[in-house]
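J.: Let's see this in three dimensions:
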Amino acid sequence: MYSFEGKSVLISGGTSGIGAAIAHAFAASGAQVIALGLETGLDITSTETIQQALKNINTIDVLVNAAGVIRRLEEHSPEVFAQVIDINLNGAMRMCSACHAHLKATKGCVINIASMLSFFGSGPAPAYSASKGGLAQLTKSLAIAWAPDDIRVNALAPGWIETPLTSALREESAKSEAIRLRTPMRRWGQPEDIAGPALFLASPAASFITGAILPVDGGYLIA
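T.: Numbering: from 1, shown residues only. Take a look at the predicted model:
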């Protein structure tokens, strides 16, 4: 659908789940994809580690921030709360800051992976919810700040997607079925469902879109 021949795409959290699906989609569209994660030595809680990962990268046209964790009930501990915020929100800002000069040079774009919990809260996962709400506001703020540099900054807000992060919940059949029934499209999403919107936001078709938070949730937010 879209061609990214000659483009370089950097994806944090790109080795599993949603990030990996996005990486495969960009690669299939001709992009040079650099998918980084813990398995490849990327620690987004460390500015030094990020800079080390970027030292041999000369060009970045698209940055996708897909790295994230959820600890659910453990997040009511202040220590765990801080850890989740540091990874999900501060980590995205670290990546954006480290890549800014590259993106300015290419007039590139950023795609943050937010969540439907950017729009409403979660009693069992207060840190995850807060981090994704913050990521939505960071997306809007950087869109304003970086528009003079011709850098677009948008976010995708996935709904209930079948990834390792949701495996425990999907094993609880009653909760999994309740989610399916509330979703107007009557199914859980697949990581590949997020890839198409990511390609769109990175493409010339979205050249006048910045600061947007696009839900990709099968209608869950409107039900």
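
J.: Helix or strand: which one has the residue of the chain most remote from its centre?
T.: Computed with Cα atoms, centre = their mean, the residue of the chain farthest from its C-alpha average is residue 174, at 27.9 Å. For residue 174, the host element (DSSP states H and E) is helix 173-182.

J.: Quick check: the gap between the residue farthest from the centre of the chain and residue 37.
T.: Residue 174 sits 32 Å away from residue 37, going by Cβ to Cβ, to the nearest Å. From N, CA and C alone the C-beta is placed, and that goes for glycine too.

J.: just checking, residue 69 touches residue 86?
T.: No - taking contacts as Cβ atoms under 8 Å, residue 69 lies outside contact range of residue 86: 9.8 Å.

J.: sorry, back to before: so which other helices or strands are in contact with the helix holding residue 174?
T.: Judged by 3 or more Cβ pairs under 8 Å, 6 or more residues apart in numbering; DSSP states H and E, the packing partners of helix 173-182 are helix 167-170.

J.: Name the residues of the helix it packs on that are buried.
T.: Judged by neighbour count (16 or more other Cβ atoms under 10 Å), helix 167-170 contains no buried residues.

J.: For the residue farthest from the centre of the chain, give its distance to residue 90.
T.: 35 Å.

J.: so how many other residues sit close to residue 87?
T.: Close neighbours of residue 87, defined as other Cβ atoms under 10 Å, add up to 22.

J.: Now for the residue nearest to it when sequence neighbours are not counted, how many residues are close by?
T.: Spatial nearest neighbour of residue 87, excluding adjacent residues (Cβ to Cβ, 6 or more residues apart in numbering): residue 69 at 5.2 Å. By other Cβ under 10 Å, the residues close to residue 69 number 17.

J.: so residue 69, which of the three states?
T.: For residue 69, the assignment made with DSSP: H, G, I helix; E, B strand; the rest coil gives coil.

J.: what are the phi and psi angles of it?
T.: In this entry, residue 69 is assigned phi and psi values of phi -140, psi 160 (degrees, to the nearest 10).

J.: residues in contact with it?
T.: Residue 69 makes contact with 83-84, 87-88, 128, 165, according to Cβ atoms under 8 Å, 6 or more residues apart in numbering.

J.: Next one: it from residue 13, what distance?
T.: With the distance defined as Cβ to Cβ, residue 69 ends up 9 Å from residue 13.

J.: which residues touch residue 116?
T.: 157-160, 215, 217, 220-221 are the contacts of residue 116 under Cβ under 8 Å, 6+ apart.
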